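Asks: Fold the following.
(2 chains)
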Protein chains: 2
Amino acid sequence: MDEAAFIAALRALPLHSAARDLADDAAVLEIGSETLILTHDVLAEGVHVLQGQDPADIAWKLVAVNLSDLAAKGAEPLGVLLGHTLGDGDERFLEGLREVLETYQVPLLGGDTVKSESPRQWGCTAIGRATHSPAPSRTGAKQGDALFVTGPLGAALAGFEALRDGTGADSAAYRRPTPLVDEGRALAPLVTAMMDISDGLLLDARRMAEASGIGLDIDTAAVPLALPEDRREEALRWGDDYQLLFAADPRATLPVPAFRIGTAIAASEHPLLLDGAPPASTDRLGYLHR
Amino acid sequence: MDEAAFIAALRALPLHSAARDLADDAAVLEIGSETLILTHDVLAEGVHVLQGQDPADIAWKLVAVNLSDLAAKGAEPLGVLLGHTLGDGDERFLEGLREVLETYQVPLLGGDTVKSESPRQWGCTAIGRATHSPAPSRTGAKQGDALFVTGPLGAALAGFEALRDGTGADSAAYRRPTPLVDEGRALAPLVTAMMDISDGLLLDARRMAEASGIGLDIDTAAVPLALPEDRREEALRWGDDYQLLFAADPRATLPVPAFRIGTAIAASEHPLLLDGAPPASTDRLGYLHR
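Replies: Below you'll find the model as predicted:
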């Protein structure tokens, strides 16, 4: 079964959680007076991390991508649980884990270890507490909102190429993504919709548009780049940058630096427009199946 | 790195959670006036499930073993998140998932899917709310307590053999373990220590003794069996039965059926005694690495 079909079937289960959460990377769980945010991401050898990549980077990325999901909900991280496949480089894995937990001051709550053959997998569950109610989701963007991104795109692509090709150029943006936890908390009270860009700007923006029932018209020249101008098209489609994408009133005073890259418009048959026109139907928008 | 060394290193991390939780299968997280219980278990093809086993059974077991960890804490399940490796039999996986979620009325909150080669893995995080404070742990058994088990041991072993050998005998106890969620909640207010038996009675009882700083003397003839008498030794060591093991005042009126199988005694160099004598040093107590 392909991923889309499997996820559709999951969502059709009688006990899938409430509709509000379905379109999001993170689950929202109200308990007592608190709103908890829960997220679970898996990294697989050869899929999300390069074969032979430093296990310290794997540990960092595993935790960081989950913290990024919490950041998009404006949540304060409370802790993580790990599912770890034992193997070569476990000392390095522990070193990277220590670094990411200390950097973001997130407790390790528990987890499980397993012995298994390659390709190995690593899972992480992060739990956080919403700092603003309702927690931002993909679903709230309104016609007339401005669309913003917190920083330049393409840094992870450049880092990936440097690592893959052994050029010696800086690959940290790919190996050690930075979850924007503080930025997400600061933005949560004033955004109408927010998500992290994990699968590429265009694909993720289309998801926000579809979830919100509006259209998003992106001014492609306004998107800040971490790559040379002649690679703009790629930077719009590559994932792994973990910048925050959000919609807000265009007159809002933003508490963190952000770049206006588009406008929320009326819904039409095209949830995503690039400079006022629909993408060519053959366009690959992003990395749907990573 | 072997599992014990890896876990020891995890526990030495500066941000590992508080000491009280270290000895347990589940993490305890206080938030506001609520006490949350979090657990994460991984199943791997060829390790925890037989190659070629019905994916519906894998889904059931994946959720059930996590609910069993919640049961041991007397927790009410609030939901689960899944990490699923796509592949053959996904329709059956979804069917088993639906069955276990409906049976225990547990919502699916979210998760992640990944494409990867065999051996596949599946992860599950369960979150619950403690119904009694403090939530039972392995650490509270006191000298003079009686040791109880909620039901017979060896049923999973018999089921495993039936499935492996294709005898046609009932294999449900192995394929579809029953988490004792209601029993755990009923017992939580009166136990001094509680855990589920996942790795074998003797190994798990020794863990409880070590965590509690007492000794446990097991009356081996009193352990109820789901196997013929001549397989008693195996039944004491085989895991996967997910019965609850608990210590309580011997005069306590128990709210659920349970069998007294031993007594908590003073700590000594031998945390576990069998009929008053330490196990032979070469004894294999259970399935440490499953």
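Asks: Quickly note the distance from A:L203 to A:Q243.
Replies: A:L203 sits 14 Å away from A:Q243, going by C-beta to C-beta, to the nearest Å. Yep, even glycine has a C-beta here, placed from its N, CA and C like the rest.
Asks: meant to ask about A:A258
Replies: Distance, A:A258 to A:Q243, by C-beta to C-beta: 9 Å.
Asks: ok, now A:V181?
Replies: Distance, A:V181 to A:Q243, using C-beta to C-beta: 13 Å.
Asks: swap in A:A264?
Replies: Remark: distance between A:A264 and A:Q243 (C-beta to C-beta) = 18 Å.
Asks: one step back: could you check which of A:V181 and A:Q243 has the larger neighbour count?
Replies: More crowded of A:V181 and A:Q243, by other C-beta atoms under 10 Å in any protein chain shown: A:Q243, with 27 against 22.
Asks: Does that one touch A:I197 like I think?
Replies: Yes. Counting by C-beta atoms under 8 Å, A:Q243 touches A:I197, with 5.1 Å between them.
Asks: partner residues bridging A:A277?
Replies: Beta-bridge partners for A:A277, by DSSP bridges, are A:L274.
Asks: all strands of the stretch 1-150 of chain A, in order?
Replies: Applying DSSP state E, counting those that start in this stretch to the stretch 1-150 of chain A gives strands spanning A:27-31, A:34-44, A:75-86, A:108-115, A:121-130, A:146-149.
Asks: any idea which of these is most buried?
Replies: When these are scored by mean count of other C-beta atoms under 10 Å in any protein chain shown, the highest mean neighbour count falls to strand A:121-130 (a mean of 28).
Asks: touching chain B at all, that one?
Replies: Yes. Judged by C-beta under 8 Å from any C-beta of the partner chain, strand A:121-130 comes into contact with chain B through A:Q121, A:G123, A:T125, A:I127, A:R129.
Asks: got the contact list for the last one?
Replies: Put plainly, it is A:R129. If you count contacts by C-beta atoms under 8 Å, 6 or more residues apart in numbering or on different chains, A:R129 has them with A:E34, A:T35, A:L36, A:I37, A:A75, A:E76, A:L78, B:I31.
Asks: Make a markdown table out of these and add pLDDT.
Replies: Shown next, in a markdown table, are these (pLDDT from 0 to 100):
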| residue | pLDDT |
| --- | --- |
| A:E34 | 90 |
| A:T35 | 94 |
| A:L36 | 95 |
| A:I37 | 96 |
| A:A75 | 97 |
| A:E76 | 97 |
| A:L78 | 96 |
| B:I31 | 89 |
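Asks: which of those residues lies closest to B:A186?
Replies: When these are compared for distance to B:A186 (C-beta to C-beta), B:I31 wins out at 24.7 Å.
Asks: hmm, stretch A:139-149 in reach of chain B?
Replies: No. Judged by C-beta under 8 Å from any C-beta, stretch A:139-149 makes no contact with chain B; its nearest approach is 15.1 Å.
Asks: Any idea how far that stretch is from the middle of the chain?
Replies: Distance, stretch centre to chain centre, for stretch A:139-149: 17 Å (C-alpha atoms, centre = their mean, to the nearest Å).
Asks: And stretch A:218-227, by the same measure?
Replies: Stretch A:218-227 sits 18 Å away from the centroid of its parent chain (C-alpha atoms, centre = their mean).
Asks: how about the CA coordinates for it, as PDB?
Replies: Extracted C-alpha coordinates of stretch A:218-227, given in PDB (Å, rounded to 0.1, in the frame of the first residue of the first chain):
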ATOM      1  CA  ILE A 218       3.600  32.900  -3.600                       C
ATOM      2  CA  ASP A 219       5.800  35.700  -4.900                       C
ATOM      3  CA  THR A 220       8.700  33.400  -5.800                       C
ATOM      4  CA  ALA A 221      11.200  36.200  -6.100                       C
ATOM      5  CA  ALA A 222      10.500  37.200  -2.500                       C
ATOM      6  CA  VAL A 223      11.500  33.900  -1.000                       C
ATOM      7  CA  PRO A 224      14.800  34.300   0.700                       C
ATOM      8  CA  LEU A 225      17.500  31.900  -0.500                       C
ATOM      9  CA  ALA A 226      20.600  30.200   1.000                       C
ATOM     10  CA  LEU A 227      21.600  29.200  -2.500                       C
END
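Asks: Give me the buried positions along that stretch.
Replies: Residues of stretch A:218-227 classed as buried by neighbour count (16 or more other C-beta atoms under 10 Å in any protein chain shown): A:I218, A:V223, A:A226, A:L227.
Asks: Let's test this: mean pLDDT of it, rounded?
Replies: Mean pLDDT, computed over stretch A:218-227, is 97.
Asks: so A:G239 makes contact with A:A155?
Replies: No. Between A:G239 and A:A155 there is no contact under C-beta under 8 Å: 11.5 Å.
Asks: Kindly confirm my reading that A:A264 is in a strand.
Replies: Yes. Applying DSSP: H, G, I helix; E, B strand; the rest coil, one finds A:A264 inside a strand.
Asks: And it, how far from A:T220?
Replies: Counting by C-beta to C-beta - A:A264 and A:T220 are separated by 16 Å.
Asks: swap in A:L254?
Replies: 21 Å.
Asks: ditto for A:R237
Replies: 11 Å.
Asks: Ok, A:P119 next?
Replies: A:P119 is 36 Å from A:T220, by C-beta to C-beta.
Asks: Over to A:P55?
Replies: In terms of C-beta to C-beta, A:P55 sits 37 Å off from A:T220.
Asks: Same check on A:Y174?
Replies: In terms of C-beta to C-beta, A:Y174 sits 23 Å off from A:T220.
Asks: same check, this time on A:D182
Replies: 28 Å.
Asks: mind listing the helices for chain A?
Replies: Under the criterion DSSP state H, helices of chain A are mapped to A:3-11, A:55-72, A:90-104, A:155-165, A:172-175, A:181-187, A:201-212, A:232-237.
Asks: Now tabulate these in a markdown table and tack on distance to B:V106.
Replies: Formatted as a markdown table, these follow (distance: least, C-beta to C-beta, whole Å):
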| stretch | distance to B:V106 |
| --- | --- |
| helix A:3-11 | 14 |
| helix A:55-72 | 22 |
| helix A:90-104 | 29 |
| helix A:155-165 | 36 |
| helix A:172-175 | 37 |
| helix A:181-187 | 29 |
| helix A:201-212 | 26 |
| helix A:232-237 | 38 |
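Asks: No further questions, thank you.
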